[in-house]
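J.: What follows is a protein structure lacking sequence information:
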């Protein structure tokens, strides 16, 4: 088999995972296949409510490896969590994570900048609404180059401090 067949089998297995009830709580956020030396580097970024643990990554990696077992093409496989600064890749992500801090990079200069930070307020049609220090900032989805949640460890520390005061 050639590299193209490997990539097709990889994508076919990812599609099967997405539609398998045993993995109903797992979302494939991103995936890629790229040449790496004499092999193909396969990567999968996953997420699920409550976060991704090592066992989930291992389960998915094992399933993909089993599906690719008969393919003789060399490959490496990386399955990872989307993490605290999860990429936002689909329009539905902007709705799902409304109320969270985000960083959005646009291809065009909007309001004097290409990098925008604020609180996601969701979608209005084909426009992402980001609440910034200067108010609502509409960002057309078509202009978004990349976007991700922004994790603020200080907010976690402040929340923990408040909880300790409240509980004791």
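T.: Structure received. All of these numbers come straight from a predicted model, not from anything done at the bench.
J.: Return the set of buried residues in stretch 110-121.
T.: 110, 116, 118, 119, 120, 121 (16 or more other Cβ atoms under 10 Å). (C-beta placed from N, C-alpha, C; glycine too.)
J.: May I see the buried residues of the strand or helix carrying residue 128?
T.: Assigning secondary structure by DSSP states H and E places residue 128 in strand 127-132. The neighbour-count check on strand 127-132 (16+ other Cβ under 10 Å) flags 127, 128, 129, 130, 131 as buried.
J.: next helix or strand past that strand?
T.: Counting by DSSP H and E, what follows strand 127-132 is strand 135-140.
J.: in its sheet, what does the longest strand seen in the chain sit against?
T.: As assigned by DSSP state E, the longest strand anywhere in the chain is strand 113-124. Looking at strand 113-124 with DSSP bridges, its partner strands are strand 101-110 (antiparallel), strand 127-132 (antiparallel).
J.: Wait, residue 103 touches residue 119, no?
T.: No. Counting by Cβ atoms under 8 Å, residue 103 sits too far from residue 119 to count as a contact (11.4 Å).
J.: ranges for the strands of this structure?
T.: 27-36, 39-47, 75-81, 101-110, 113-124, 127-132, 135-140, 144-149.
J.: And those: which comes nearest residue 53?
T.: strand 75-81 (8.2 Å; Cβ to Cβ).
J.: tell me the mean pLDDT over that closest one?
T.: Predicted confidence along strand 75-81 averages 96 (mean pLDDT).
J.: and it, what does it pack onto?
T.: strand 39-47, helix 54-67 (3 or more Cβ pairs under 8 Å, 6 or more residues apart in numbering; DSSP states H and E).
J.: mean confidence score for the last one?
T.: By that I understand helix 54-67. The model assigns helix 54-67 a mean pLDDT of 96.
J.: can you check stretch 100-116 too?
T.: The model assigns stretch 100-116 a mean pLDDT of 96.
J.: try stretch 138-147
T.: 96.
J.: Can you give the domain ranges for the chain?
T.: Segmentation of the chain into domains, based on automatic domain parsing, reads 3-81, 91-153.
J.: Thanks again, I'm all set now.
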